[in-house]
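Engineer: Could you work out the structure for the sequence below:
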Amino acid sequence: MGKKLRAQIVIFNQPIALDGYRISFHPAGHIFGSAQILAEREDQRLLYTGDFKLEESTTVEAFQWQPCDLLIMECTFGRPHYKFPPRAELVERLCQWAAKTLRAHNVPVIHAYALGKAQEAMKILADRGFALIAHRAVMPLVKIYEKFGHHFGEVELLQSTTPVAGKVIIAPHNAREDRLLKGITNRKTLLLSGWAVDPGFKYRCRVDEALPFSDHADFPALLEFVRRVNPKKIFTTHGPKEFAWSLRSMGYEAQPLEGTKQGELF
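Structural biologist: Below you'll find the model as predicted:
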């Protein structure tokens, strides 16, 4: 955001006063440091979720529940067929794929968002004893995570001279045409994305495998979230408009915010 950014550090759950509102930030479970924003005034509570996930993660603060009157929520996976496997199953499948690829004397390349999902995958693999190599887009963020107490073992930077045999490479999906990666002729690729639920996803993304490992809530989790915070009115954003209709069919007053799009997937 630039070196001239002026920022005020606010600790989770410690309110600040702003323009007559009481503002507080609460863990969203999306990536390390992600926050929901709660605004309160005259006994009314407005909650803006941003991206969120209810499941526990190894590198993310646990999601925190905040009841509210007015809710603005992201609904990226707001269609019923987006139901992800249990986290333990996904973790096991990720590690098994990496181990199988190494046994075949190939180089596993795991594609994930440079911020958040990459570090989550790295922590899972490091805890299982895998040696890791990080792409140059990932490494600076790894260093920040390490500064705040997350450890990934001895992570090497991917360079032309880096020995890759027996190691797992973590790189963003948009780096798949990077010359350093293309130069590894025996590489096998796995993409981590909730969109992997969609048939044919791995072929569209030109990877060998895809795993529905997401840092967003799936459809059942979105519904569970709404039930537990129990808002009087809901606005949905960053997802399909149909999700608002699903909520209306359940008796909630809900409508999509206009003029918002999910943005690029990778």
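Engineer: quick one: secondary structure of the residue lying closest to residue 91 once chain neighbours are set aside?
Structural biologist: Spatial nearest neighbour of residue 91, chain neighbours left out: residue 124 (5.6 Å); criterion: C-beta to C-beta, 6 or more residues apart in numbering. Just so you know, the C-beta spots here come from the backbone N, C-alpha and C atoms, and that holds for glycine as well. The three-state label given to residue 124 by DSSP: H, G, I helix; E, B strand; the rest coil is helix.
Engineer: neighbours of residue 124, just the number please.
Structural biologist: Residue 124 has 22 neighbouring residues, counting by other C-beta atoms under 10 Å.
Engineer: tell me the contacts of it?
Structural biologist: Neighbouring residues of residue 124 by C-beta atoms under 8 Å, 6 or more residues apart in numbering: 58, 91, 94-95.
Engineer: Going by neighbour count, which of those residues comes out on top?
Structural biologist: Busiest of those [other C-beta under 10 Å] is residue 94, holding 22 neighbours.
Engineer: Of all the residues in the helix or strand hosting it, which ones are buried?
Structural biologist: Assigned by DSSP states H and E, residue 94 falls within helix 87-103. Of all the residues in helix 87-103, those buried under the rule 16 or more other C-beta atoms under 10 Å are 90-91, 93-95, 97-99, 101-102.
Engineer: Using CSV, list the CA coordinates for it.
Structural biologist: Output of helix 87-103 as CSV, limited to C-alpha atoms (Å, rounded to 0.1, in the frame of the first residue of the first chain):
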residue,chain,number,x,y,z
ARG,A,87,-10.5,-30.2,6.8
ALA,A,88,-8.8,-33.3,8.1
GLU,A,89,-9.5,-35.1,4.9
LEU,A,90,-8.1,-32.2,2.8
VAL,A,91,-5.0,-32.1,4.9
GLU,A,92,-4.4,-35.8,4.4
ARG,A,93,-5.0,-35.6,0.7
LEU,A,94,-2.6,-32.7,0.3
CYS,A,95,0.2,-34.6,2.2
GLN,A,96,-0.5,-37.8,0.4
TRP,A,97,-0.3,-36.2,-3.0
ALA,A,98,3.0,-34.5,-2.1
ALA,A,99,4.5,-37.8,-0.8
LYS,A,100,3.3,-39.8,-3.8
THR,A,101,4.8,-37.2,-6.2
LEU,A,102,8.1,-37.3,-4.5
ARG,A,103,8.1,-41.2,-4.5
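Engineer: Heading C-terminal from that helix, find the next helix or strand.
Structural biologist: Note on helix 87-103: by DSSP H and E, the next helix or strand toward the C-terminus is strand 107-111.
Engineer: can you give me how far that next one is from the chain middle?
Structural biologist: Its chain's average C-alpha position is 18 Å from that of strand 107-111, according to C-alpha atoms, centre = their mean, to the nearest Å.
Engineer: ok, residues contacting that strand?
Structural biologist: Contacting residues not belonging to strand 107-111 are listed as 94, 97-98, 101-102, 121, 125, 164-165, 167-173, 175-176, 181, 184, 186-192, 207 [C-beta under 8 Å, 6+ apart].
Engineer: how close does the most centrally placed residue in the chain sit to residue 154?
Structural biologist: The C-alpha lying nearest the average C-alpha coordinate of the chain belongs to residue 215 (C-alpha atoms, centre = their mean; 2.7 Å). Separation of residue 215 from residue 154 (C-beta to C-beta, to the nearest Å): 25 Å.
Engineer: just residue 13 next, same as before
Structural biologist: Taking C-beta to C-beta, one finds residue 13 at 35 Å from residue 154.
Engineer: out of these two, which sits in the busier spot?
Structural biologist: Neighbours were counted for residue 13 and for residue 154 using other C-beta under 10 Å; residue 13 has more, 12 against 7.
Engineer: Would you agree that one is in contact with residue 35?
Structural biologist: No: with contact defined as C-beta atoms under 8 Å, residue 13 does not reach residue 35; the gap is 10.1 Å.
Engineer: Show me which residues of stretch 150-161 are buried.
Structural biologist: 150, 152, 155-156, 158.
Engineer: Show me the shaky parts of the protein.
Structural biologist: Scanning the chain for pLDDT under 70 picks out the ranges 1, 259-266.
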